[in-house]
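[1] Dropping the sequence and predicted coords here.
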Amino acid sequence: MQTINSTQHLQIEPSVLYFGTPVSLISTLNPDGSANLAPMSSTWYLGRTAVLGIADGGQTLPNLRRAGECVLNLPSSDMHDAVERLAALTGRRDVPPHKQDRFRYGKDKFAAAGLSQLPSTTVAPPRVLECPVQLEAVVEQTHRPAEGGFAIVEVRVTQVHVTADCVIPGTHYVDTEAWQPLFYLFRHYFGTGPRLSRSFRAEH
(Lines give C-alpha, C1' and ligand atoms only; values in the text may rest on other atoms or scores of the structure.)
Protein backbone atom coordinates (compact mmCIF):
# COMPACT_ATOMS: atom_id res chain seq x y z
CA MET A 1 0.00 0.00 0.00
CA GLN A 2 1.37 3.38 -0.97
CA THR A 3 2.02 5.84 1.88
CA ILE A 4 1.00 9.42 1.17
CA ASN A 5 2.24 12.34 3.25
CA SER A 6 -0.47 14.95 3.54
CA THR A 7 0.51 18.61 3.56
CA GLN A 8 -3.10 19.56 4.31
CA HIS A 9 -3.14 18.24 7.90
CA LEU A 10 -1.49 20.01 10.82
CA GLN A 11 -0.40 18.38 14.07
CA ILE A 12 -2.03 20.42 16.84
CA GLU A 13 -2.51 20.16 20.61
CA PRO A 14 -5.98 21.56 21.40
CA SER A 15 -6.71 22.19 25.08
CA VAL A 16 -9.96 20.18 24.82
CA LEU A 17 -11.38 17.68 22.34
CA TYR A 18 -14.90 19.05 22.10
CA PHE A 19 -15.45 18.18 18.46
CA GLY A 20 -19.19 18.32 18.95
CA THR A 21 -21.45 16.73 21.55
CA PRO A 22 -25.03 17.42 22.63
CA VAL A 23 -25.52 19.53 25.74
CA SER A 24 -27.27 17.99 28.75
CA LEU A 25 -28.53 19.56 31.95
CA ILE A 26 -28.00 16.88 34.58
CA SER A 27 -30.22 17.08 37.65
CA THR A 28 -29.28 15.29 40.87
CA LEU A 29 -30.25 15.54 44.53
CA ASN A 30 -28.06 17.27 47.13
CA PRO A 31 -27.64 15.73 50.61
CA ASP A 32 -30.36 18.06 51.98
CA GLY A 33 -32.83 16.87 49.34
CA SER A 34 -32.68 20.00 47.19
CA ALA A 35 -32.08 19.74 43.46
CA ASN A 36 -28.78 20.45 41.77
CA LEU A 37 -28.64 21.27 38.06
CA ALA A 38 -25.46 21.38 36.01
CA PRO A 39 -24.63 21.72 32.31
CA MET A 40 -22.66 18.85 30.81
CA SER A 41 -21.23 18.36 27.34
CA SER A 42 -19.51 14.97 27.52
CA THR A 43 -22.21 12.37 26.95
CA TRP A 44 -22.72 9.53 24.52
CA TYR A 45 -25.32 6.80 24.22
CA LEU A 46 -25.38 3.11 23.32
CA GLY A 47 -28.68 1.31 23.66
CA ARG A 48 -30.16 2.30 27.04
CA THR A 49 -26.72 3.15 28.44
CA ALA A 50 -25.39 6.69 28.66
CA VAL A 51 -21.72 7.36 29.38
CA LEU A 52 -21.06 10.64 31.18
CA GLY A 53 -17.86 12.58 31.69
CA ILE A 54 -18.26 14.39 35.03
CA ALA A 55 -15.66 16.87 36.26
CA ASP A 56 -14.28 16.73 39.79
CA GLY A 57 -14.79 19.69 42.08
CA GLY A 58 -18.52 20.16 41.60
CA GLN A 59 -21.57 18.79 43.39
CA THR A 60 -22.84 16.50 40.62
CA LEU A 61 -20.28 13.72 41.02
CA PRO A 62 -20.73 13.38 44.83
CA ASN A 63 -24.49 13.36 44.31
CA LEU A 64 -24.24 10.58 41.73
CA ARG A 65 -21.98 8.51 43.97
CA ARG A 66 -24.24 8.94 46.99
CA ALA A 67 -27.74 8.66 45.53
CA GLY A 68 -27.07 6.87 42.24
CA GLU A 69 -29.79 8.67 40.27
CA CYS A 70 -30.07 11.55 37.82
CA VAL A 71 -32.04 13.01 34.95
CA LEU A 72 -30.36 13.95 31.68
CA ASN A 73 -32.36 16.89 30.37
CA LEU A 74 -31.57 17.74 26.75
CA PRO A 75 -32.18 21.42 25.93
CA SER A 76 -33.18 22.63 22.49
CA SER A 77 -30.89 24.95 20.58
CA ASP A 78 -32.89 28.03 21.59
CA MET A 79 -32.10 27.37 25.27
CA HIS A 80 -28.40 28.27 25.04
CA ASP A 81 -28.85 31.39 27.19
CA ALA A 82 -30.38 29.36 30.02
CA VAL A 83 -27.53 26.86 29.80
CA GLU A 84 -24.94 29.62 29.93
CA ARG A 85 -26.56 31.13 33.03
CA LEU A 86 -25.64 27.89 34.80
CA ALA A 87 -22.13 27.64 33.42
CA ALA A 88 -20.36 29.68 36.14
CA LEU A 89 -22.35 28.26 39.06
CA THR A 90 -21.42 25.37 41.32
CA GLY A 91 -23.60 23.53 43.80
CA ARG A 92 -20.74 23.30 46.28
CA ARG A 93 -20.79 25.84 49.10
CA ASP A 94 -17.04 25.35 49.55
CA VAL A 95 -15.97 26.33 46.06
CA PRO A 96 -12.68 24.49 45.34
CA PRO A 97 -9.62 26.77 45.16
CA HIS A 98 -9.00 26.00 41.49
CA LYS A 99 -12.54 27.18 40.62
CA GLN A 100 -12.80 30.27 42.83
CA ASP A 101 -11.59 32.69 40.16
CA ARG A 102 -14.36 31.79 37.69
CA PHE A 103 -17.13 30.00 39.59
CA ARG A 104 -19.49 30.95 42.41
CA TYR A 105 -21.89 29.02 44.60
CA GLY A 106 -25.50 28.87 43.42
CA LYS A 107 -28.10 27.56 45.85
CA ASP A 108 -31.13 27.42 43.53
CA LYS A 109 -29.77 26.72 40.07
CA PHE A 110 -33.19 26.12 38.54
CA ALA A 111 -34.17 29.66 39.49
CA ALA A 112 -30.82 31.05 38.33
CA ALA A 113 -31.38 29.57 34.88
CA GLY A 114 -35.06 30.53 34.77
CA LEU A 115 -36.12 26.88 34.53
CA SER A 116 -38.87 24.86 36.21
CA GLN A 117 -38.83 21.57 38.09
CA LEU A 118 -41.05 18.69 37.01
CA PRO A 119 -41.41 15.47 39.06
CA SER A 120 -39.79 12.35 37.64
CA THR A 121 -41.49 8.97 37.48
CA THR A 122 -38.71 6.45 38.23
CA VAL A 123 -36.03 8.48 40.06
CA ALA A 124 -36.00 11.15 42.76
CA PRO A 125 -34.22 14.07 40.97
CA PRO A 126 -36.59 16.38 39.09
CA ARG A 127 -36.81 16.89 35.35
CA VAL A 128 -36.45 20.26 33.60
CA LEU A 129 -39.88 21.20 32.26
CA GLU A 130 -38.51 23.36 29.44
CA CYS A 131 -36.25 20.63 27.99
CA PRO A 132 -37.97 18.72 25.16
CA VAL A 133 -36.12 15.49 26.03
CA GLN A 134 -35.72 14.15 29.57
CA LEU A 135 -33.97 10.86 30.38
CA GLU A 136 -34.34 9.44 33.88
CA ALA A 137 -31.38 7.23 34.78
CA VAL A 138 -29.65 5.22 37.50
CA VAL A 139 -25.91 4.80 37.99
CA GLU A 140 -24.46 1.44 36.98
CA GLN A 141 -20.69 2.02 37.32
CA THR A 142 -18.19 4.78 37.95
CA HIS A 143 -14.69 4.68 36.48
CA ARG A 144 -11.59 6.74 37.20
CA PRO A 145 -9.70 7.32 33.93
CA ALA A 146 -5.94 7.59 33.64
CA GLU A 147 -6.32 11.30 32.92
CA GLY A 148 -7.31 13.14 36.08
CA GLY A 149 -9.88 15.84 36.75
CA PHE A 150 -13.01 13.89 35.94
CA ALA A 151 -14.79 10.55 36.28
CA ILE A 152 -16.58 8.40 33.72
CA VAL A 153 -20.05 7.40 34.90
CA GLU A 154 -22.20 4.75 33.21
CA VAL A 155 -25.93 5.20 33.74
CA ARG A 156 -28.91 3.13 32.61
CA VAL A 157 -31.88 5.07 31.24
CA THR A 158 -35.06 4.03 33.04
CA GLN A 159 -37.60 6.36 31.45
CA VAL A 160 -37.67 8.57 28.36
CA HIS A 161 -39.88 11.68 28.12
CA VAL A 162 -40.20 13.66 24.86
CA THR A 163 -42.57 16.53 24.14
CA ALA A 164 -45.41 15.60 21.79
CA ASP A 165 -44.27 18.01 19.09
CA CYS A 166 -40.96 16.12 18.82
CA VAL A 167 -42.58 12.68 18.37
CA ILE A 168 -43.96 11.33 15.09
CA PRO A 169 -47.70 10.94 15.79
CA GLY A 170 -48.78 7.41 16.58
CA THR A 171 -45.21 6.13 16.97
CA HIS A 172 -42.34 5.97 19.48
CA TYR A 173 -39.97 7.68 17.03
CA VAL A 174 -38.42 11.09 17.63
CA ASP A 175 -39.24 13.51 14.82
CA THR A 176 -35.74 14.46 13.68
CA GLU A 177 -37.08 17.44 11.75
CA ALA A 178 -38.75 18.87 14.87
CA TRP A 179 -36.12 18.00 17.51
CA GLN A 180 -33.39 20.66 17.44
CA PRO A 181 -30.73 19.79 20.06
CA LEU A 182 -28.09 22.16 21.39
CA PHE A 183 -24.49 21.21 20.62
CA TYR A 184 -21.20 22.25 22.22
CA LEU A 185 -18.19 22.61 19.90
CA PHE A 186 -14.94 23.81 21.39
CA ARG A 187 -16.83 25.77 24.07
CA HIS A 188 -19.21 27.41 21.61
CA TYR A 189 -22.94 26.69 21.26
CA PHE A 190 -24.44 25.51 17.98
CA GLY A 191 -27.78 24.24 16.75
CA THR A 192 -28.41 21.79 13.93
CA GLY A 193 -28.81 22.52 10.26
CA PRO A 194 -31.09 20.80 7.74
CA ARG A 195 -30.94 17.03 7.44
CA LEU A 196 -28.30 15.98 4.92
CA SER A 197 -29.25 12.35 4.26
CA ARG A 198 -30.72 9.18 5.74
CA SER A 199 -28.71 6.21 7.02
CA PHE A 200 -29.65 2.80 5.63
CA ARG A 201 -30.29 1.76 9.26
CA ALA A 202 -32.92 4.45 9.88
CA GLU A 203 -36.26 2.90 10.85
CA HIS A 204 -38.48 5.74 9.60
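    Sure, I can see it.

[2] And the residue nearest in space to the middle of the chain, its phi and psi?
    With distances taken as Cα atoms, centre = their mean, the residue of the chain nearest its centroid is residue 24 (2.2 Å). Here is the backbone geometry of residue 24 (degrees, to the nearest 10): phi -130, psi 150.

[3] Return the distance of it relative to residue 50.
    Relative to residue 50, residue 24 is positioned 9 Å away (Cβ to Cβ, to the nearest Å). For every residue, glycine as well, the C-beta is placed using N, CA and C.

[4] Show me whatever sits in contact with both of those two.
    43, 72 (Cβ atoms under 8 Å, 6 or more residues apart in numbering).

[5] List the buried residues in the helix or strand residue 134 falls within.
    Secondary structure from DSSP states H and E places residue 134 in strand 133-143. Residues 133, 134, 135, 136, 137, 139, 142 are the ones in strand 133-143 that count as buried (16 or more other Cβ atoms under 10 Å).

[6] So in that sheet, which strands flank that strand, and in what orientation?
    Here strand 133-143 is paired, per DSSP bridges, with strand 69-74 (antiparallel), strand 150-162 (antiparallel).

[7] Go through those strands and pick out the most buried.
    strand 69-74 (a mean of 26; mean count of other Cβ atoms under 10 Å).

[8] Touching it from outside, list them.
    22-29, 40, 43, 50, 52, 60, 63-64, 120, 123-128, 131-139, 155, 157, 181-182.
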